[in-house]
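> Provided below for reference: sequence and predicted model.
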Amino acid sequence: MPITITAFVKTLAGNDAYSSNLLRAIGPLGYLTRDPNFAIEVVGTREVLAADKAGTAGTLLDKDLCLFARQFSWSRNKAIVDRVHDLGGSVVFDCDDDLTGRYRPNWAGQAFIEMLGLADRVTVTTPGLASALTEYTKHEPIVLPNCIVLPWFAQVSVETERVFPANVITVGLVGTHNHWRGDWQPVVEALGRLAQTYPNVQPVIASGWVSAEVRQAIPRLAVIKPVPYAAYPGLVRQFDIVCCCLDPEDRFNQGKSSIKALESMAACRQLVPGLVGGAVPVCTDMPPYQDVINGCNGLLVSNSQWYDALTLLARDQRLRYRLAANGLEWVTEHRNMKREAHRWGDVYKELLEGQLPRKPRETAIVAPIRPPKLGLAAWLWATVRRIA
């Protein structure tokens, strides 16, 4: 009998798909569906709503294993976990950030901590995050590194037109605006100097909001508005060099992953005829960026080295192209979701091998969960809307 799994994510696909849902559930489980040893259903809030309306929402929990993405961190975690256990199943909670609220204020911190303790296993993106969360979990969290959905990411990148002239070198930052004061500040200063010194360098920030202070600090700054993740590869390919910077003094960052560097490496474009590569990641020399091999598929720098590192790449085209080509080759070989999805399957098999047999289907309770005043779908939907 195949292992049955339901994965709960915020949205399934299309323009509303969350990158974390794609990287941590939709992507790997999509590949596992090709394995006859698994029978997998991935549901978003719309699908849960439809199931609730049809009176079948309870059957979504009647599986060998239920996987919950970190967006589903509720105020009533115990009821749903207990129901899965009553049905003989196991619960896996996947996290890609430390949302306990210890280092960054987070309204859902207590619910997140509760879910960490209730889940049978917790999967995370990095050893640093595993170390940060292990005090809250039943067992040591299992590390499943982020991977890139290739060849999709590279294909979208290649097919997207570059909006900047070919003779300029685009250097900059990608991310939400809350990074700029702590994480981005050293790079903002370096980009300002670089723009003043090298007319062929185009500073770029892709973010939903850029402060007046940052705009004033960086001459000739170009700002790119955020795009849905479905178009995100085409945004990253606008950069020749991506600055992946974290504040080493912020303990929250110890649990971050190298996903931005991996996405940069995978942002495929033709460098010169016969040579393809991604954007070059220049990263803070911290454990989250353990996938970056200094001088091979990117550069690792301290906060005092940003200007010198960016200047080196701006002036040395051969080095820039070598790192770009190596990066694309490395991410294709080592962080390709198609090749690495079996890790998710291995974890689930090992987990279930250590569990008691499931209750027979004829005795399992399959009635829909009815938390106080809300059906399952409305409950999840209301929670997701608060998170959004």
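Great, that's in hand.
> So the residue most central in space within the chain, which state does it fall into?
Closest residue to the average C-alpha location of the chain: residue 20 at 3.9 Å, with Cα atoms, centre = their mean. Under DSSP: H, G, I helix; E, B strand; the rest coil, residue 20 falls in the helix class.
> isn't it right next to residue 69, touching?
Yes - contact criterion Cβ atoms under 8 Å: residue 20 and residue 69 qualify, at 6.7 Å. All C-beta spots, glycine's among them, are computed from the backbone N, C-alpha and C.
> before we move on, the earlier item: what's the burial count for the nearest residue to the residue nearest to the centre of the chain once chain neighbours are set aside?
Nearest residue to residue 20, sequence neighbours excluded (Cβ to Cβ, 6 or more residues apart in numbering): residue 96, at 5.2 Å. Using other Cβ atoms under 10 Å, the number of residues around residue 96 comes to 22.
> wait, what's in contact with residue 96?
20, 23, 24, 70, 124, 125, 129, 146, 257 (Cβ atoms under 8 Å, 6 or more residues apart in numbering).
> Pick out the lowest-pLDDT one from the residues you listed.
pLDDT across the contacts of residue 96 is lowest for residue 70, at 75.
> what's the burial count for that one?
Around residue 70 there are 24 residues (other Cβ under 10 Å).
> From residue 129, how far out is it?
Between residue 70 and residue 129 the computed distance is 11 Å (Cβ to Cβ, to the nearest Å).
> which regions of this protein lie under the pLDDT threshold?
Along the chain, the model assigns pLDDT under 70 to residues 12-17, 71-76, 177-181, 355-388.
> Touching, residue 219 and residue 192? I think so.
Yes - the criterion here is Cβ under 8 Å, and residue 219 meets it with residue 192 at 6.8 Å.
> So for these two, which residues contact both of them?
residue 203.
> Settle it for me: which of the two has more neighbours?
Neighbours were tallied for residue 219 and for residue 192 using other Cβ under 10 Å; the higher tally belongs to residue 192 (18 against 13).
> Run through the residues that contact that one.
Contacts of residue 192 by Cβ under 8 Å, 6+ apart are 203, 217, 218, 219.
> Over to residue 281?
Taking Cβ under 8 Å, 6+ apart as the test, what residue 281 contacts is 242, 244, 260, 261, 264, 265, 289, 292, 297, 298, 299, 327.
> after the strand or helix carrying it, next one along is what?
Here residue 281 is covered by strand 280-284, with elements defined by DSSP states H and E. Downstream of strand 280-284, the first helix or strand assigned by DSSP H and E is strand 299-301.
> And the nearest residue to residue 351 once chain neighbours are set aside, how far from residue 9?
Spatial nearest neighbour of residue 351, chain neighbours left out: residue 121 (5.3 Å); criterion: Cβ to Cβ, 6+ apart. Remark: distance between residue 121 and residue 9 (Cβ to Cβ) = 18 Å.
> Quick check on the two: which one has the bigger neighbour count.
It is residue 9, of residue 121 and residue 9, that has more neighbours when counted by other Cβ under 10 Å, with 28 against 22.
> Give the full set of residues in contact with that one.
Residue 9 neighbours (Cβ under 8 Å, 6+ apart): 18, 21, 25, 26, 42, 43, 44, 69, 71, 72.
> How many neighbouring residues does residue 160 have?
By other Cβ under 10 Å, neighbour count at residue 160 equals 19.
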